[in-house]
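Undergrad: Provided below are the primary sequence and the corresponding predicted coordinates.
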Amino acid sequence: MKITDIVLDRLRLDLDPPLRAAWDPRPRRHFDATIVRVHTDEGVTGIGSGDTMAGFDAVKDLFLGEDPLDIVRHVKAIETANFHGGRFWPLEAALWDVIGQVAGLPVATLFGNAAKAVPAYASSAELKPPAERVETALRAREAGFRAMKIRIDRDHVADGIAAVTAVRDALGPDFAIMVDLNQSWRMAGDTAAASDLAKTRGIVRRLAELDVFWVEEPLPYEDVDGFRTLRAENPGVRIAAGEMHHSVPELLRYLEHDVLDVYQMDVVLAVGMHRARTLAEVAQLKHRSFTPHSWTNGIGVLANLHVAAGVGGGPFFEFPWDPPGWTPQRRDFMLAEPLMITPEGTLEVPQRPGLGIELDEEAVARWRI
């Protein structure tokens, strides 16, 4: 089998009203998605998505004519291409989609088949006052979720703490709450400094009193000692990070020095599926957790799901959901059907060969740039 072509479809969905994501320096008025299709001489086509694939044309020739099943070779080739600035992990996802189809198995089965479904948590996007956040949390529980992640703005901490407090009071101790401080990385144009360690220690201490399940990305990635300080001072709350950490050696250093409780590498944005699997298994061997970031689109959610379910990640899986600003219909506008959780609050692994992606070709044509 040979790769005959790699085709990119760049899509843009207009957002009206805009999404006011906590991590964006300005409201998001459109949602972009790049779909990667790997065509082969045997008629099998693999699909991936996630990062933008900007600049891929310059390295496309590295993969044409190669056997799509030679995945280790391709991972290494993607890493060499990434050295010059691109993040071409959606290509790896498309290659795994090919491999699964050839094998006649879901990719999660090839990755270990530890679970057929994983408990999902509702991952919010927007900063909302306490009453509105309680309303969405109640809607989440009604939809089946047993956990929600709430964002806190480093410049309005009291408002964020109030929202967490209100959700805890309204939904009780059996509803898990995660909190994301969004301090480890920055979107383009966001030049504001992160909160210093002293302020962050106070925030985490207060959140620990509210029995949050984990505090996510509380510090910049380079503050390894700060992460360890937060863990040592707050033994009742987990510290999570790593979603955009592109350096496999640095993530291995985190594991070696026991920096985090929860590792969150996104397989279509950060380190790829093959490397994430290795890091996840090392984390689990060290009695730490792996639950990947999945804030892209439904294709990216599926790629992360297959790795998490394959290796037994958890105890929760991120499901981007924060209506009305962010819904499965907006997130998965390129799919035939949006991904949905079960009434029991789990996200099931599609049992079709490959990643289980079904595109809506009319939507792809409509929203193609």
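TA: Perfect, I can see it now.
Undergrad: contacts and neighbour counts: CA atoms only from here.
TA: OK.
Undergrad: could I get the CA-only coordinates of stretch 154-169 as CSV?
TA: The C-alpha coordinates for stretch 154-169 follow below in CSV (Å, rounded to 0.1, in the frame of the first residue of the first chain):
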residue,chain,number,x,y,z
ARG,A,154,-6.7,35.4,36.6
ASP,A,155,-7.8,39.0,36.7
HIS,A,156,-11.2,38.3,38.3
VAL,A,157,-10.5,35.5,40.7
ALA,A,158,-13.2,36.4,43.2
ASP,A,159,-15.9,36.1,40.5
GLY,A,160,-14.5,32.6,39.5
ILE,A,161,-14.4,31.4,43.0
ALA,A,162,-18.0,32.6,43.5
ALA,A,163,-19.1,30.6,40.4
VAL,A,164,-17.4,27.4,41.7
THR,A,165,-18.9,27.9,45.1
ALA,A,166,-22.3,28.4,43.7
VAL,A,167,-22.1,25.2,41.6
ARG,A,168,-20.8,23.2,44.6
ASP,A,169,-23.7,24.5,46.8
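Undergrad: so what touches it?
TA: 127-131, 133-134, 137, 150-153, 175, 177, 181, 194-195, 203, 206-207, 210 (C-alpha atoms under 8 Å, 6 or more residues apart in numbering).
Undergrad: and what of stretch 102-113?
TA: Contacts of stretch 102-113 (C-alpha under 8 Å, 6+ apart): 44, 96-97, 99-100, 277, 305-312, 349-356.
Undergrad: repeat the analysis, applying 7 Å as the threshold.
TA: 96, 100, 306-307, 309-311, 351-355 (C-alpha atoms under 7 Å, 6 or more residues apart in numbering).
Undergrad: in strands only, show me these.
TA: Using DSSP state E, no member of these sits in strands.
Undergrad: in the protein, which spans are helices?
TA: 71-82, 89-103, 107-110, 130-143, 157-171, 197-209, 224-233, 248-256, 273-285, 298-311, 328-331, 361-367 (DSSP state H).
Undergrad: and the closest residue to Arg37 other than its chain neighbours, what's its pLDDT?
TA: Spatial nearest neighbour of Arg37, chain neighbours left out: Ile47 (4.8 Å); criterion: C-alpha to C-alpha, 6 or more residues apart in numbering. Among the per-residue scores, Ile47 shows a pLDDT of 98.
Undergrad: does Ile47 really touch Thr40, like I thought?
TA: No. Assessed by C-alpha atoms under 7 Å, Ile47 is found out of contact with Thr40, at 11.9 Å.
Undergrad: out of those two, which sits in the busier spot?
TA: Set side by side, Ile47 and Thr40 show more neighbours around Ile47, with 28 against 21, by other C-alpha atoms under 10 Å.
Undergrad: what sits against the more buried one?
TA: By C-alpha under 7 Å, 6+ apart, the residues touching Ile47 are 35-38, 94, 97.
Undergrad: can you tell me the distance between the two ends of stretch 169-186?
TA: Using C-alpha to C-alpha, to the nearest Å, one end of stretch 169-186 lies 32 Å from the other.
Undergrad: tell me the buried residues in it?
TA: 171, 175-186 (16 or more other C-alpha atoms under 10 Å).
Undergrad: next one: stretch 217-226
TA: Buried residues in stretch 217-226, counted by 16+ other C-alpha under 10 Å: 217-221, 224, 226.
Undergrad: rewinding a little: mind putting the helices of the chain into TSV with mean pLDDT?
TA: TSV is the format used below for the helices of the chain (pLDDT from 0 to 100):
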stretch	mean pLDDT
helix 71-82	96
helix 89-103	98
helix 107-110	98
helix 130-143	98
helix 157-171	98
helix 197-209	97
helix 224-233	97
helix 248-256	97
helix 273-285	98
helix 298-311	98
helix 328-331	98
helix 361-367	98
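Undergrad: reformat these into JSON lines and put distance to Val59 next to each item.
TA: Below are the helices of the chain laid out as JSON lines (distance: least, C-alpha to C-alpha, whole Å):
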{"stretch": "helix 71-82", "distance to Val59": "7"}
{"stretch": "helix 89-103", "distance to Val59": "12"}
{"stretch": "helix 107-110", "distance to Val59": "26"}
{"stretch": "helix 130-143", "distance to Val59": "43"}
{"stretch": "helix 157-171", "distance to Val59": "44"}
{"stretch": "helix 197-209", "distance to Val59": "41"}
{"stretch": "helix 224-233", "distance to Val59": "34"}
{"stretch": "helix 248-256", "distance to Val59": "21"}
{"stretch": "helix 273-285", "distance to Val59": "20"}
{"stretch": "helix 298-311", "distance to Val59": "22"}
{"stretch": "helix 328-331", "distance to Val59": "29"}
{"stretch": "helix 361-367", "distance to Val59": "24"}
